[in-house]
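Colleague: below are the sequence and a predicted model; questions follow.
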Amino acid sequence: MSIRNNLLGQLKRLKYRIISPPRYQLTKDIKDFLCSDDCTLPAEEKLLIGKYLSKNIIHYINYPFVNEYLFRKVNIFFDTNNSMHYVYHNNKKLFFKKNIPKTEIESLYNSLCTEQDIRSPHSYKSFNISYSSEDIAIDAGAAEGIWSLDIVDSVKELYLFECEDEWIDALNVTFAPWKDKVHIIKKYISNKTEEEKIRLDDYFIEKNIFPTIIKADIEGSEIALTEGASELLSKHLQHVILCTYHNENDYQELSSILERYGFQIQPSKGYIFPIYSFTGEYSMNEIGHLIRKALIYGHKQYANKSYHTHL
């Protein structure tokens, strides 16, 4: 399988060299950058990323383990009751929105599994949180809900915030077996409350609900989330996982914010390249700005609450 994947990876690299010269050139430029004095990444990271890019085109995650998922076959099923495709994820049905062709679901699910592999810089499992039956969790930017599906049996309640109607339809089917403990909210999380937006403090404090865990992947609005969740961050949240790669300075800014609230912080391991659809060109001076930390994890213990982490 390893030989096959390496061969397919090299064929994909050759294809990009022909049909997308800028993407191929960027791959070469990043390899050169990794070998330059301007690159301050740890030596092990340079070696791993360079090894991957020697046989593959640049992607947002660039480590050798990625090829284990790149061409992996996935069993995809169809539910005639709701006209949705699904896969079995850790023995649970994970449904996808109706407008995704079956051929793309395999690629999407493999990308999700790549992200959440323990070796990935985007893995929420990196932080070894032991979820408890006392925990109330927030999934901000739930999309397909894979993180929530992984923890749904372990926590007391889940609140999924998602705004795309077709994903909400899929989430309702995925979490139907847990409808008494899973709540799906069609709102954008923000630092102000208005028609389609909600501050987390406004949503939860008024209801006397006090979440202990939050995971947020909301396309660069993570700082706004913290601005609308000051009471939750001050008094209730024990575990905070925030994406930091959408904007260049998010990791530094979110680090400062969480530290001000008394959280001990930890980055995910490795680095991510936020390149999804590349059409432009980057100079060598700009390439360093493409290499970012994917996640930041904040944790703290309250004197009057039990603490559920094994860190």
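Modeller: Sure, I can see it.
Colleague: relative to residue 109, how far out is residue 171?
Modeller: Plainly put, residue 171 is 16 Å away from residue 109 if you go by CB to CB, to the nearest Å. (Glycine included, C-beta is placed from N, CA and C.)
Colleague: list the contacts of the helix or strand residue 78 falls within.
Modeller: Taking DSSP states H and E as the criterion, residue 78 maps to strand 77-79. Here strand 77-79 makes contact (CB atoms under 8 Å, 6 or more residues apart in numbering) with 84, 85, 86, 87, 88, 93, 95, 173.
Colleague: what about the helices in the stretch 151-300 of the chain?
Modeller: Remark: helices assigned in the stretch 151-300 of the chain by DSSP state H, counting those that start in this stretch are 165-174, 200-205, 222-227, 230-235, 250-260, 284-287.
Colleague: I meant the stretch 1-150 of the chain, not that one.
Modeller: 2-19, 21-34, 43-53, 67-70, 102-116, 146-151.
Colleague: re the thing from before, now render the contacts of strand 77-79 as JSON lines, adding distance to residue 297, pLDDT and neighbour count.
Modeller: As requested, the contacts of strand 77-79 are exported to JSON lines (distance: CB to CB, whole Å; pLDDT from 0 to 100; neighbours: other CB atoms under 10 Å):
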{"residue": "84", "distance to residue 297": "33", "pLDDT": "96", "neighbour count": "20"}
{"residue": "85", "distance to residue 297": "32", "pLDDT": "97", "neighbour count": "21"}
{"residue": "86", "distance to residue 297": "30", "pLDDT": "97", "neighbour count": "20"}
{"residue": "87", "distance to residue 297": "27", "pLDDT": "98", "neighbour count": "20"}
{"residue": "88", "distance to residue 297": "28", "pLDDT": "98", "neighbour count": "12"}
{"residue": "93", "distance to residue 297": "29", "pLDDT": "98", "neighbour count": "17"}
{"residue": "95", "distance to residue 297": "28", "pLDDT": "98", "neighbour count": "24"}
{"residue": "173", "distance to residue 297": "30", "pLDDT": "98", "neighbour count": "17"}
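Colleague: in JSON lines, list these along with distance to residue 271.
Modeller: Below are the contacts of strand 77-79 laid out as JSON lines (distance: CB to CB, whole Å):
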{"residue": "84", "distance to residue 271": "35"}
{"residue": "85", "distance to residue 271": "33"}
{"residue": "86", "distance to residue 271": "32"}
{"residue": "87", "distance to residue 271": "28"}
{"residue": "88", "distance to residue 271": "31"}
{"residue": "93", "distance to residue 271": "33"}
{"residue": "95", "distance to residue 271": "32"}
{"residue": "173", "distance to residue 271": "35"}
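Colleague: which ones are touching residue 227?
Modeller: With CB under 8 Å, 6+ apart, residue 227 has these contacts: residue 191.
Colleague: before we move on, what about the one 5 residues further on?
Modeller: When contacts are counted by CB under 8 Å, 6+ apart, residue 232 touches 200, 201, 204, 205, 210, 211, 214.
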